[in-house]
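Engineer: pasted the sequence and its predicted model underneath.
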Amino acid sequence: MVLRQVTIVGLGLIGGSYGLALKRAKPELTVVGVDIDQESLDLGVSMKAIDWGTTDMARGVQEADVVIFATLVKAMPGLLRAAAPHLKPGAVVTDVGSTKSKLVAELRPLLPPGVTYVGGHPMAGSEMKGIKGADPYLFENAVYVLTPLPDADPAAVEVVQELVRAVGAQVLLMSPEVHDQIVAAISHLPHVAAAALVNAVAKREQTLPGIFPLAAGGFRDATRIAGSSPEMWRDIFLDNRETLLPMIQCFREALTELEEAIRSEQGERVYRLLRQAQELRSQIPAKQKGLLPGIHEVVVTVPDRPGEIGKLAALLGINGINIMDIEILRIREGDGGTIRLGFATGEEAGRALKVLTNNDYVAWLKS
């Protein structure tokens, strides 16, 4: 299939990032946006994430070779129902939903003859929301799971793989069922734990006012993902509840085991559980974006001068180094402060460290 037009339904963070990445990689491709919000469409055009946009589903999809649904999962069946009569034979439908089994069961009956569905889930995200947070490099080096059904047209699967590679991601094929079991364990459960941790500490704040202003470092790192969209994660939890609930029970049992060891002052048992977690965590790959993207970090001290952070970012930028994340760790008026810089790969972090030290910054890799 020669790709001429890709239509993205839903111009939020993921949809907007997809459009930016596609236009960067395939400028000859016509990228169309469909959204109920005209302001998002106008912004998409001005950002060059799409060539043109419309609130009219029929107009947006009728000439599309590929239609990407980048909305909340619960909205996708209704949107496909609206789009289906206008899809041309040979078109391919895909999505970016975080759950798959239930979605496949709902979407498959809605497909018109000659149209193939290939489920997708990019393992990339951000705490940012909306098209204003769109990033053309969001999918760079990310794992992108595709869940084609056994009877899917191989040519259609290859078309979606081509788009995934174009936006810089790495294709991983698996069944919808296996996908949902894996993400329940290593994506959905961590979000449950992060939200519960923040809410638990919030309850203590009633008797210990001022607890959150002191929360930094480990607490901030452990709860980072609790800053994601509550609406999106509500739908994910409910859609994948059959596989998520057993994982929550498993987590509860692990927490109870540690609690009992602490209560009974079994120091050796506490040590064994912590040591086991330490050893298992060390086996997690750190050089690839996955369900919870790994970040390679450099810590740098900067003087207390106006524009110093901008100067730092510009220095790395002119050396072709992209900062994935940035956080001010400590700042003291007159003395300067400490900044944490996050990079997508260890190689980028190493290059950044070399550039910074060569320019007389005090910097080090964070282990």
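Structural biologist: Perfect, I can see it now.

Engineer: when you work out contacts or count neighbours from here on, use the C-alpha atoms and nothing else.
Structural biologist: Fine.

Engineer: what's the weakest-modelled helix or strand in the chain?
Structural biologist: strand 325-332 (a mean of 64; mean pLDDT, DSSP states H and E).

Engineer: right, and the helix or strand after that one?
Structural biologist: As assigned by DSSP states H and E, the chain's next helix or strand after strand 325-332 is strand 336-343.

Engineer: which parts of that following strand are buried?
Structural biologist: Using 16 or more other C-alpha atoms under 10 Å as the test for burial, strand 336-343 gives 337-343.

Engineer: can you give the contact residues for it?
Structural biologist: Here strand 336-343 makes contact (C-alpha atoms under 8 Å, 6 or more residues apart in numbering) with 295-305, 322-331, 349.

Engineer: so where's the stretch 251-367 of the chain uncertain?
Structural biologist: Within the stretch 251-367 of the chain, the stretches with pLDDT under 70 are 285-295, 329-336, 367.

Engineer: which parts of it are strands?
Structural biologist: In the stretch 251-367 of the chain, the strands defined using DSSP state E, counting those that start in this stretch lie at 296-302, 325-332, 336-343, 362-365.

Engineer: deepest of these, which one?
Structural biologist: strand 296-302 (a mean of 22; mean count of other C-alpha atoms under 10 Å).

Engineer: which strand residues bridge the nearest residue to Ile309 once chain neighbours are set aside?
Structural biologist: Residue nearest to Ile309 in three dimensions, not counting chain neighbours: Val302, with 7.8 Å by C-alpha to C-alpha, 6 or more residues apart in numbering. Under DSSP bridges, the beta-bridge partners of Val302 are Gly337.

Engineer: so what's the most centrally placed residue in the chain up against?
Structural biologist: Centroid-nearest residue in the chain: Gly125, 1.8 Å away (criterion: C-alpha atoms, centre = their mean). Contacts for Gly125 (C-alpha under 8 Å, 6+ apart) come out as 14, 138.

Engineer: cool, Gly133 as well?
Structural biologist: Counting by C-alpha under 8 Å, 6+ apart, the residues that Gly133 touches are Leu13.

Engineer: now do it against Val167, distance only.
Structural biologist: From Gly133 across to Val167, the span is 17 Å (C-alpha to C-alpha, to the nearest Å).

Engineer: and what of Lys354?
Structural biologist: 29 Å.

Engineer: which parts of the stretch 101-250 of the chain are helices?
Structural biologist: 101-107, 154-166, 176-183, 189-205, 218-222, 230-239, 241-263 (DSSP state H, counting those that start in this stretch).

Engineer: mind checking which of the ones you listed is nearest Val115?
Structural biologist: Nearest to Val115, of all the helices of the stretch 101-250 of the chain, is helix 154-166, at 9.0 Å by C-alpha to C-alpha.

Engineer: contact partners of the closest one?
Structural biologist: 1, 21-22, 25-26, 92, 94, 116, 118, 144, 148, 170-171.

Engineer: for it, buried residues please.
Structural biologist: Quick answer for helix 154-166 (16+ other C-alpha under 10 Å): 156-157, 159-161, 163-166.

Engineer: got the confidence number for the nearest residue to Gln38 once chain neighbours are set aside?
Structural biologist: With C-alpha to C-alpha, 6+ apart as the criterion, Gln38 has its nearest non-adjacent residue at 7.0 Å, and that residue is Thr55. Looking at Thr55, its pLDDT is 98.

Engineer: so Thr55 sits right up against Asp42, yeah?
Structural biologist: No: in this structure Thr55 lies outside contact range of Asp42 using C-alpha atoms under 8 Å: 11.1 Å.

Engineer: remind me which residues of the stretch 1-150 of the chain are low pLDDT?
Structural biologist: In the stretch 1-150 of the chain, residues with pLDDT under 70: 126-128.

Engineer: count of neighbours near Arg24?
Structural biologist: Counted with other C-alpha atoms under 10 Å, residues neighbouring Arg24 total 17.

Engineer: for it, list the residues it contacts.
Structural biologist: With C-alpha under 8 Å, 6+ apart, Arg24 has these contacts: Pro136.

Engineer: cool, Lys23 as well?
Structural biologist: Neighbours of Lys23 in contact, by C-alpha under 8 Å, 6+ apart: 29, 31, 48-50.

Engineer: which one of Lys354 and Val167 is surrounded by more residues?
Structural biologist: Per other C-alpha under 10 Å, whichever of Lys354 and Val167 has more neighbours is Val167, with 25 against 14.

Engineer: show me what contacts the closest residue to the more buried one other than its chain neighbours?
Structural biologist: Of all residues beyond its chain neighbours, the one nearest Val167 is Ala21 (5.1 Å), with distances taken as C-alpha to C-alpha, 6+ apart. Ala21 is in contact with 49, 135-137, 166-167, counting by C-alpha under 8 Å, 6+ apart.
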